[in-house]
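**Q** Here is the input, now give the coordinates:
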Amino acid sequence: MLCTVCGIEGRVEHPNISGEECCSPNSDHGPCQGCKEIGDIDVEISQTRAVLLKLYLKRCDAKLKRNLHHDQLVRRLPVEVVSRIFVHCLSLESPLSIPMYESYSDPPSRPFRIKPTTLALAAVCQRWRQIAFATPRLWNVAGVKIGGRAVAAYANMTADWLGRSGRLPLSLDIYEERPRARFSATLRRRGFVDQPPIAFDFTPIFEAINAHMHRVKTLEVHLDAQYLPLLRSEAPVLQELYISVTSSRRGVAPRMQLADTSPSPQRVLLRDVSSGRIGLDWAGVTYFEAVSLFLVEAFELLQHTPQLTECKIGHIATVSTEPPVLPQISLPHLETLIFGRTPAGQGKLLGQLVTPALKTLESKADLRAISAFITRSKCELRRLAITAAEETLESFTEVLEKTPYLNELEAVGLDVHDAFFERLAATSLTRSNAPVSEVFLPLLCVLSLSGIPCFKWSSIPPIFSPKDEDGDFFPRPLYSLELTFSSFFEGDEDVWLQASDIIGADVEARFKELREEGKEIYISLETGEVLSE
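**A** As a prediction, the model looks like this:
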C-alpha cells in the first residue's frame, strides 16, 4: 500500500486499542514491550508459587520432626501405651437385645449409629493413625453399610477394615442404608416415587464379609430379605446372632443358611423373620428373643432348645389350624420367661411347658393358666409380673400362695382390696423356724400394684415389719411399695377427694416415718403423686 504522505510503499499496521494484550506473539514485530513485561512477571509468579508450595510442604515435614522431640506427653508415650489407651476409648460391648420388643409398629431397623471411635482417633495425626492401624483391637467391631452407588469402594473399605483386625474375633453389624422419612416425603412431593429404583449388585461387599466370617463372634443383620442368601460362609465361632428383616412379608423370606455346617450360637434374636427360615443348630442356644412367633413355631423351637435359660417373646400368634393336642416340653434350665403385652397364645404355651428352674415370669395369660403352670413346674419364682384384669382376689391370692420365695411382685389391672393387705400384714413377722412354703410371701422385697383401689389406707402401713422385732421372728424384707391407680373413689365413685383427705393425717405421718427408715413408697393417681416428699 502506498502512503499518500511520504510516498513509501509498505504494510499498514493496525494497532490494538482495546487495552488487551497482544493477540499473536508470532507477529512480524512480536508482542509489545508491555506485554513482554507482563508475561515475564507471570512466569516469575508461577515459579514463586511453586517454590512457596514446596516450602509449605517442607514446613509440614519439619513440624512433624519437631513434634517428635518437643511434645511433652503424647509423643513421649510408648507406642504400646498409646495403643492401650486407644482400646480403652472404645465403648464396651453389651449382649445384643431387641429394643422395645413389645412394640409392633415399624421402628428403625437399628438404633442410631454414630461415627466409629476408631476413625476419630486415626484422624488426629499421622502418628496416631499409624498406631491405630497397627492395633487390631480397634478394628474387630465393624458396621458394614449395604447401599449407595460406590459398591466397589465400600467393598474395599470393608476388606481393609476387617483385615486390620488380625485374627481377633469379629463383631459385625450389617445394615441396609435407607432414605430418611423426610427425604422420602420430598421425593413423593416431586413425583419421583413411581420411578423404579436403581439396582446395584452388592455381592462384592458380601464377599469381603464372607472372607472373614470364620472369625465372626457376634453378627447383626438388618437387611432386606433378598440379601440374606448372600451371607454364605462357615461361622464356627458364632455366639450371638440378631436377624431383622426390613422389608419382606413374615415367613416368606428366603432361607438363610450360612454354611453346610449349621452354626451353633448361644444367643439368637429374631425380628420379623421366622425361626424356621434360619439354618441353625438350636441345641446350644441359651438365650432366645423374638418380636413375634406363631404358636406352632414357638413349640417347635422350644422342643429344639433344651439348654435354654432365658426366653423373651413379644407376641404369640394363633391361627385356626392349630393342632388340638400339643406335646409337653420340659426346659430344665430355663430361668427367665417373658412374654409381651398381648395375651394371645400365652396360656396355650404355658399349658405345655415344664420349667422347674424358672425364677422370673412375666405373662399376660389368665391367672388360672399361670397357677396350673407353676404347680406343674414346681418352680421357686423370685419375680412375677402378671395382669389381673377381670380376675378375682381369690384367683390372685391362689397364685401368690404357690410362690412363697417371691422377691418381686408386679400386678396390673387389679382390684386392690383390704383383704390382700391384711393377709400381708399378718405375715410381716414370721417365726425363724417356720417353713417358707407355709408363709404368705415372707421374702417379698418389692411390691408394685396398678388398678382400682378398694381398700382403706390404714391397711397399708402394717404390711411393713414393726421397728422392734422379737429375736424369734423374721421380718419381711419389704422395702419398696408402688401403687398406681387410674381412679379413686371411697364409697361414691363420683366423689374425688384431696390427697390429704384420702390418706388421713395419721396414715400419711406413718408413710413419712417409713420413708425416713429407708422404705421406698410411691403412691400416685391420674392427677399425680399422692405422697409429698
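**Q** so where is this protein shaky, pLDDT-wise?
**A** For the chain, applying pLDDT under 70 flags the ranges 1-29, 68-75, 93-114, 178-199, 247-253, 320-325, 467-471, 487-502, 526-533.
**Q** Can you give me the domain assignment for it?
**A** 281-379, 389-533 (automatic domain parsing).
**Q** which of the ones you listed sits most buried?
**A** Ranked by mean neighbour count, those are led by domain 281-379 with a mean of 18 (mean count of other Cβ atoms under 10 Å). Every C-beta, even on glycine, is put in place using the N, C-alpha and C of the backbone.
**Q** now that one: how far from the chain's centre is it?
**A** Mean C-alpha position of domain 281-379 versus that of the full chain (Cα atoms, centre = their mean, to the nearest Å) differs by 24 Å.
**Q** Quick one: end-to-end distance for it.
**A** End-to-end span of domain 281-379 (Cα to Cα, to the nearest Å): 28 Å.
**Q** Ok, stretch 210-217 next?
**A** With Cα to Cα, one end of stretch 210-217 sits 13 Å from the other.
**Q** Give me the distance from that stretch to the chain's centre.
**A** With Cα atoms, centre = their mean, you get 22 Å for stretch 210-217.
**Q** will you turn the domains of the chain into a markdown table that also has distance to V221?
**A** A markdown table is the format used below for these (distance: least, Cβ to Cβ, whole Å):
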| stretch | distance to V221 |
| --- | --- |
| domain 281-379 | 15 |
| domain 389-533 | 34 |
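**Q** S371 is in contact with S395, correct?
**A** Yes - using Cβ atoms under 8 Å, S395 makes contact with S371 at a distance of 7.3 Å.
**Q** With respect to L230, which of the domains of the chain lies nearest?
**A** With Cβ to Cβ as the criterion, L230 lies closest to domain 281-379 of those, at 21.4 Å.
**Q** Can you give me the distance of the residue lying closest to K519 once chain neighbours are set aside to F511?
**A** Among residues not flanking K519 along the chain, Y479 sits closest, at 5.6 Å (Cβ to Cβ, 6 or more residues apart in numbering). Here the criterion is Cβ to Cβ, to the nearest Å. By it, Y479 lies 14 Å from F511.
**Q** go on, T305?
**A** For T305, the distance to F511 - Cβ to Cβ - is 46 Å.
**Q** How about the contacts made by A152?
**A** With contact set as Cβ atoms under 8 Å, 6 or more residues apart in numbering, A152 has these partners: P204.
**Q** secondary structure element for it?
**A** Per DSSP states H and E, A152 falls inside helix 151-163.
**Q** any idea how far that helix is from the chain center?
**A** Distance, centroid of helix 151-163 to centroid of chain: 25 Å (Cα atoms, centre = their mean).
**Q** can you pull the buried residues of it?
**A** Buried residues in helix 151-163, counting neighbours by 16 or more other Cβ atoms under 10 Å, are found at V151, Y154, A155, M157, T158, A159, W161, L162.
**Q** so how far is the next helix or strand after it from its chain's centroid?
**A** Per DSSP H and E, the first helix or strand lying C-terminal to helix 151-163 is strand 170-176. What separates the centre of strand 170-176 from the centre of its chain is 13 Å, taken as Cα atoms, centre = their mean.
**Q** ok, then the element right after whichever helix in the chain runs longest?
**A** Ordering each helix of the chain by length in residues (DSSP state H) puts helix 33-70 first. Following helix 33-70 in sequence order, the next helix or strand is helix 79-89 (DSSP H and E).
**Q** Would you mind listing the buried residues in the helix or strand that that next one is followed by?
**A** Once the chain leaves helix 79-89, the next helix or strand it forms, by DSSP H and E, is helix 117-122. Neighbour counts over helix 117-122 (16+ other Cβ under 10 Å) mark T118, L121, A122 as buried.
**Q** ok, so of those residues, who is nearest A419?
**A** Distances from A419 to the buried residues of helix 117-122, taken by Cβ to Cβ, are shortest for T118, at 61.2 Å.
**Q** Now do that closest one against L168, distance only.
**A** Here T118 is placed at a distance of 13 Å from L168 (Cβ to Cβ).
**Q** P306 too?
**A** Looking at P306 against L168, where the rule is Cβ to Cβ, the gap reads 32 Å.
**Q** do the same with V144
**A** According to Cβ to Cβ, V144 stands 16 Å off from L168.
**Q** and the two? which has more neighbours close in?
**A** V144 (20 against 14; other Cβ atoms under 10 Å).
**Q** so that one sits in a strand?
**A** Yes - with DSSP: H, G, I helix; E, B strand; the rest coil as the criterion, V144 is part of a strand.
**Q** L55: how many residues sit nearby?
**A** Per other Cβ under 10 Å, the neighbour tally for L55 reads 10.
**Q** cool, and the one 10 residues further on?
**A** Residues contacting K65 under the criterion other Cβ under 10 Å number 10.
**Q** who's in contact with the residue nearest to M213 when sequence neighbours are not counted?
**A** Closest residue to M213 apart from its sequence neighbours, by Cβ to Cβ, 6+ apart: S233 at 3.6 Å. For S233, the contact set (Cβ under 8 Å, 6+ apart) comprises I209, N210, A211, M213, H214, L258, A259.
**Q** correct me, but the fifth one touches L238?
**A** No - H214 lies out of contact with L238 (Cβ under 8 Å); the separation is 9.5 Å.
**Q** before we move on, the earlier item: which one of the buried residues of helix 117-122 sits closest to Q33?
**A** Distances from Q33 to the buried residues of helix 117-122, taken by Cβ to Cβ, are shortest for A122, at 56.8 Å.
**Q** show me where this structure has helices.
**A** Using DSSP H, the helices of the chain run over residues 33-70, 79-89, 117-122, 126-133, 151-163, 181-189, 203-210, 295-303, 346-350, 367-377, 393-401, 418-426, 499-503, 505-516.
**Q** possible to save those as TSV with distance to V439?
**A** Below are the helices of the chain laid out as TSV (distance: least, Cβ to Cβ, whole Å):
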stretch	distance to V439
helix 33-70	72
helix 79-89	50
helix 117-122	53
helix 126-133	61
helix 151-163	58
helix 181-189	56
helix 203-210	57
helix 295-303	34
helix 346-350	26
helix 367-377	17
helix 393-401	10
helix 418-426	10
helix 499-503	29
helix 505-516	22
